[in-house]
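**Student:** Quick one, structure for this:
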Amino acid sequence: MTGGTSPRPSWKRARLLLAVVALLALVAGSVAANGTLAGWTDSKMSQGAFTAGKVPAPVLTGKCQFRPGLLGVGASVRVYWRPPAGYSLSNIVVTASTSGLGSVLAPITGFNLTSNTTSNSDGSYTTDVPTNLLGGLLGLGSELEIAFQAKHASGWVSTSASVASNAGLLGGIGGNCRNLT
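**Tutor:** The predicted model follows:
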């Protein structure tokens, strides 16, 4: 070899560089497997459980009544019910739907639960739902479901305490009501 450096030192550098790259690959693999360079374990464990809350439903306390009024004028559905423990009249939502038509339960337009409800001495309530507020839903033999639900502050609502009413064919003649729950 003439006038140059020997190939030996560059071969040593290449081997050293290869060893450094292998070491870095080993460290990187360890970090990927453990998440940190401090791969440690701990034998302590934690457990927990949760359950979904259930909003209790109002309860029907007596058989509902269809009150036909005079030839259908002033007709109403009277419902006897009690809110669940810990709930008041302000936590109750009243909805209605017709059966067989596939309509969903919807709030009754123009209905005010507070003004149409009487408090009874035993903590239960009597609510009169005027049929004229139910629009064309009640009459000509169609059946209407009236549902009372408790609404929690979270927005969750209970299952329904429901009654079904049929105003009969004309002027409330033959009208009836029955408890569904």
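
**Student:** center of the chain, which residue is that?
**Tutor:** residue 156 (4.7 Å; Cα atoms, centre = their mean).

**Student:** Can you give me every residue that contacts the spatially closest residue to that residue that is not a sequence neighbour?
**Tutor:** Nearest residue to residue 156, sequence neighbours excluded (Cβ to Cβ, 6 or more residues apart in numbering): residue 55, at 5.1 Å. All C-beta spots, glycine's among them, are computed from the backbone N, C-alpha and C. By Cβ atoms under 8 Å, 6 or more residues apart in numbering, the contact list for residue 55 reads 84, 150, 151, 152, 156, 157, 158.

**Student:** Check the secondary structure at residue 84 for me.
**Tutor:** Using DSSP: H, G, I helix; E, B strand; the rest coil, the three-state assignment for residue 84 comes out as coil.

**Student:** shouldn't it be in contact with residue 157?
**Tutor:** No - contact between residue 84 and residue 157 fails when scored by Cβ atoms under 8 Å: they sit 11.6 Å apart.

**Student:** hey, what's in contact with both of these two?
**Tutor:** Taking Cβ under 8 Å, 6+ apart as the contact rule, residue 84 and residue 157 both touch 55, 150.

**Student:** Just the closest of the contacts of residue 55 to residue 22, please.
**Tutor:** Of all the contacts of residue 55, residue 156 has the smallest distance to residue 22: 59.6 Å, by Cβ to Cβ.

**Student:** that older thread, rebuild the contacts of residue 55 as CSV, extending it with pLDDT.
**Tutor:** As requested, the contacts of residue 55 are exported to CSV (pLDDT from 0 to 100):
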residue, pLDDT
84, 96
150, 95
151, 94
152, 93
156, 91
157, 92
158, 94
